[in-house]
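> Below are the sequence and a predicted model; questions follow.
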Amino acid sequence: MKILVTGGAGFIGSNFIRYLLERHPHDSIINLDKLTYAGNLENLRDVESNPRYAFIHGDIADAKLIREVAPGVDAIANFAAESHVDRSILDAGSFIQTDVYGTFVLLEAVRELRIPRMVHISTDEVYGSIETGAFREIDPLNPSNPYSASKAGGDLMVLAYWKTRRLPVLITRSSNNFGPFQYPEKVIPLFITNALSDLPLPLYGDGRNVRDWLYVQDNCAAIDLVLRMGQDGEIYNIGGGTEVENLELTREILALLGKPESLIQFVTDRPGHDRRYALDCEKIRALGWRPARAFDAALEETVRWYQEHETWWRRLKSGEFWDYYRRQYGVKGEAERAGGLSTQVGGQGEGVGGTPPLTKRP
Ligand code: NAD
Ligand code: TYD
């Protein structure tokens, strides 16, 4: 297959490209990526000279460019997105532009150019929070924040093109991914790299929110299966089946690094913070998929990867990253260098939010 991967310079996309090149020796890949703050060609250094791989710098919302790049591809795998909940609460515009409008541009290209298949990569967050049980693919969407709302908008557009035009489109909705090459703003790489620098780990609210963790390689295997074996118009949940409270996750990371729990700092909760995510994965299991990696072993491997790739993440944790960090966590000037955090997060520095901190550890 000749596959157009969008957003391939990001975390999951770069792992997926490597997975395809290794698993499918006759596939070729075009990676189209805008290279936002989250896009990083270093994630693909080892494959860039592979004759079956090509990179194009561009935006999925650029209809003219997509019409130049997409003719002749057998499939599109759309990973391109603004992907961080906290950033979406600070500033939602780019999320709507890429996650909704960009998805529409790709759908139009699939229609006009008669591309045989498009897999749209989505998230369990479109369902919203669930106290008990697990979401099925037929459940209604109930997103809580601008990120999940824009992903839901993209999903609904994909489904509308299936319903109205029978376009050959499919959706995957996975739970929280972790593994190598994840930008250090998401909780696992942020906490690992903060701990490695002896900086506080800002845990939102009471730390009891639950996420279902999925090793990125397992997600890549599932997406590849959907790409080849999935049915048009269908949605596939992909969950790791490993539910962990944030506090427990944080303690595990600190234990793996041999760092003290005094680094944990409870801070104001994220506005609209979903309590728990959980997915029913019967449908993807019926295609023959199971997560291959046990959570604890995969987490340990991930921690070691960040220990061994300090140059990679230190380059990202500079410049724009600290501007964002200051806005999000209220860290100011000298306090940042000393590792101090405000206990008021979520843009309080800009007058948003304002609820008092729940707990403060010395
Ligand atoms: P990421 O933020 O690491 O990477 C996103 C990539 O998309 C970056 O390379 C960025 O440069 C690129 N991009 C952004 N806007 C673009 C545009 N307009 N045109 C072209 N490229 C653009 O994200 P990720 O964690 O790898 O997530 C990939 C996909 O998987 C997203 O669609 C996300 O919603 C979904 N997802 C992620 C998770 C997770 O835990 N990370 C879980 C479920 C679903
Ligand atoms: P995150 O990695 O941002 O993924 P998502 O919000 O898409 O699930 O966050 C995972 C969990 O970790 C979520 O419950 C929020 C929490 N969290 C913190 O407690 N502190 C942080 O600094 C971050 C980034 C997340």
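Received, thanks. Ligands and ions are numbered 1, 2, ... in the order given.
> alpha carbons only for contacts and neighbour counts from here, please
Noted.
> Residue 283 should be in a helix, yeah?
Yes: according to DSSP: H, G, I helix; E, B strand; the rest coil, residue 283 belongs to a helix.
> Which residue, neighbours along the chain excluded, lies closest to it?
Leaving aside its sequence neighbours, residue 283 sits nearest to residue 236 (C-alpha to C-alpha, 6 or more residues apart in numbering; 6.4 Å).
> State the distance from the one you found to residue 325.
Residue 236 sits 34 Å away from residue 325, going by C-alpha to C-alpha, to the nearest Å.
> who has more neighbours, the two?
More crowded of residue 236 and residue 325, by other C-alpha atoms under 10 Å: residue 236, with 25 against 20.
> on that earlier part again, in which helix or strand would I find the residue nearest to residue 283?
In this assignment (DSSP states H and E), residue 236 forms part of strand 235-238.
> ok, and does that strand reach over to ligand 1?
No: Strand 235-238 does not reach ligand 1 (C-alpha under 6 Å from any ligand atom); its nearest approach is 8.8 Å.
> packing partners for that strand?
strand 169-174, helix 216-229, helix 282-286 (3 or more C-alpha pairs under 8 Å, 6 or more residues apart in numbering; DSSP states H and E).
> as a whole number, average confidence for stretch 135-155?
Mean pLDDT, stretch 135-155: 98.
> so does stretch 134-143 get close to ligand 2?
No: Stretch 134-143 is not in contact with ligand 2 by C-alpha under 6 Å from any ligand atom; minimum separation 11.6 Å.
> which residues are contacting that stretch?
With C-alpha atoms under 8 Å, 6 or more residues apart in numbering as the test, stretch 134-143 has contacts from 125-128, 149, 152, 235-237, 277-281.
> Given whichever strand or helix holds residue 77, what are its sheet partners and their directions?
For residue 77, the host element (DSSP H and E) is strand 75-78. Strand 75-78 sits in its sheet next to strand 2-6 (parallel), strand 118-123 (parallel), going by DSSP bridges.
> Out of those strands, which is closest to residue 47?
strand 2-6 (14.2 Å; C-alpha to C-alpha).
> The closest one to helix 216-229, inter-axis angle?
130 degrees (axes from the mean of the first three to the mean of the last three C-alpha atoms, to 10 degrees).
> Could you identify the helix or strand that succeeds strand 2-6?
helix 11-23.
> Spell out which residues of the stretch 1-150 of the chain are next to ligand 2.
So the stretch 1-150 of the chain meets ligand 2 at residue 85 (C-alpha under 6 Å from any ligand atom).
> for the protein, which helix is longest?
Using DSSP state H, we find that the single longest helix of the chain is helix 146-165.
> now it, how far from the chain's geometric center?
Relative to its parent chain, helix 146-165 has a centroid offset of 17 Å by C-alpha atoms, centre = their mean, to the nearest Å.
> Mind listing what's buried along that helix?
The neighbour-count check on helix 146-165 (16 or more other C-alpha atoms under 10 Å) flags 146-155, 157-159, 161-162 as buried.
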